[in-house]
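Undergrad: Got a predicted structure here, sequence first:
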Amino acid sequence: MLKAMQNWHRPLVVFGWAMVALIPIALVGLVVDDRTVMNSPIWLKPFKFAVSLALYSFTLAWLLTFLKRFQRVGWWAGTVLTVAGAAEMVVIVGQVIRGKRSHFNFETPLDTALFSIMGSTIVVLWVTHAIVAILLWRTDIENKAFSWSIRLGLVISFLGLGVGFLMTSPKPGQALDGDTLGSHTIGAADGGAYMPITGWSTEHGDLRIGHFVGMHALQVLPLLILLAGRWANTRFAWVLSGGYLGMTLLVTWQALRGQSLIKPDALTLIVAAAVLAATALGVLWSRQPSKGTKKEYTLA
């Protein structure tokens, strides 16, 4: 594995390992540091971000090796993305050290400036992700099912990253000249009851769910195709991607309605059942033989 990484995008790999190194540090912080921010352990955010960004950076570093054209553009896009991600993590960890919240914090000019930096890094990350997605969309990979899972995973990840922008807009009851502007909770202020590990609200809507689910389509969809092996084909990749997109949109819509993930109403359950049923039927359809299809190759 380490030997294979030598051909991966170097800055993204270095950043990924930095996030891996941060994980145990954050875990120690969760054990020994009893400080809280918005009713949550202060080291929980660095832990979650480190895990998420490690997966994200390693995946992109690997996917960039598939580029056959515009490799220099891909290298620069990955490098800019690395710098943006590193800057965001410096702010997050720095605010933990200061005992301050990093997101939506306008308490002081310094807090405002730091959150503005984070906002800028998110925009840069979103744009560079789009550039990588366009490059890989135009790249042919021998395994067609795997290729489409990457392309569609990048698009869904792009949408998932975009959910983050919904968190930055003022929420009802928030004064434009207050200390807080924006939130991830819909229907109440941040800091209420939450699930273990994820920190997602157990009482109200939480936009972080759609953000997380969508962002990690980039890992889930190609992995499912690889696990399916010879059973996977292009139809299967499209069906899985459609089902995953449906669930991403569902949990985002559920959050926007102020509804906790673990307390769905009848309408949410009906839509979820429809998405699952459509995906199951699509999987059956994907296994039907079709005339004139080209042979699809596995990575084995």
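TA: Arrived safely.
Undergrad: In space, what's closest to the residue nearest to the spatial centre of the chain - neighbours in sequence excluded?
TA: The centre of the chain sits closest to M215, judged by Cα atoms, centre = their mean, with a distance of 2.3 Å. Using Cβ to Cβ, 6 or more residues apart in numbering and skipping residues adjacent in sequence, the residue nearest M215 is G160, 4.0 Å away. For every residue, glycine as well, the C-beta is placed using N, CA and C.
Undergrad: what about that neighbour, how many neighbours?
TA: 22 (other Cβ atoms under 10 Å).
Undergrad: give me the low-pLDDT residue ranges for the stretch 151-300 of the chain?
TA: 170-178, 290-300 (pLDDT under 70).
Undergrad: That one: strands as residue ranges?
TA: For the stretch 151-300 of the chain, the strands defined by DSSP state E, counting those that start in this stretch occupy 185-186, 205-206.
Undergrad: Mean neighbour count, the ones you listed: which tops it?
TA: Here the criterion is mean neighbour count by mean count of other Cβ atoms under 10 Å, and of the strands of the stretch 151-300 of the chain the winner is strand 205-206, at a mean of 28.
Undergrad: For stretch 269-289, which residues meet the burial criterion?
TA: Within stretch 269-289, the residues scored as buried using 16 or more other Cβ atoms under 10 Å are 271-272, 275, 279, 282-283, 286.
Undergrad: In contact with G258, which residues are there?
TA: When contacts are counted by Cβ atoms under 8 Å, 6 or more residues apart in numbering, G258 touches 186-188, 204-205.
Undergrad: With adjacent residues omitted, what lies nearest to it?
TA: Nearest residue to G258, sequence neighbours excluded (Cβ to Cβ, 6+ apart): G187, at 3.1 Å.
Undergrad: What is the neighbour count of T128?
TA: 21.
Undergrad: again, but for K48
TA: Neighbourhood size, K48 [other Cβ under 10 Å]: 18.
Undergrad: now G99
TA: Close neighbours of G99, defined as other Cβ under 10 Å, add up to 11.
Undergrad: can you give me phi and psi for it?
TA: phi 80, psi 30 (degrees, to the nearest 10).
Undergrad: Setting the sequence-adjacent residues aside, check what's closest to it.
TA: Closest residue in space to G99, ignoring its immediate chain neighbours: R35 at 6.0 Å, by Cβ to Cβ, 6+ apart.
Undergrad: And S40, by the same measure?
TA: Closest to S40 by Cβ to Cβ, 6+ apart is G199, at 5.8 Å.
Undergrad: got the contact list for the one you found?
TA: Going by Cβ under 8 Å, 6+ apart, G199 touches 40, 44-45, 48, 208.
Undergrad: how about a cut-off of 10 Å?
TA: Counting by Cβ atoms under 10 Å, 6 or more residues apart in numbering, G199 touches 38-41, 44-45, 47-48, 184, 190, 206, 208.
Undergrad: Likewise for L267?
TA: Neighbour list for L267: 253-254, 257, 259 [criterion: Cβ under 10 Å, 6+ apart].
Undergrad: Can I get those residues in a markdown table including neighbour count and distance to M247?
TA: A markdown table is the format used below for these (neighbours: other Cβ atoms under 10 Å; distance: Cβ to Cβ, whole Å):
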| residue | neighbour count | distance to M247 |
| --- | --- | --- |
| W253 | 15 | 11 |
| Q254 | 24 | 10 |
| R257 | 15 | 16 |
| Q259 | 22 | 15 |
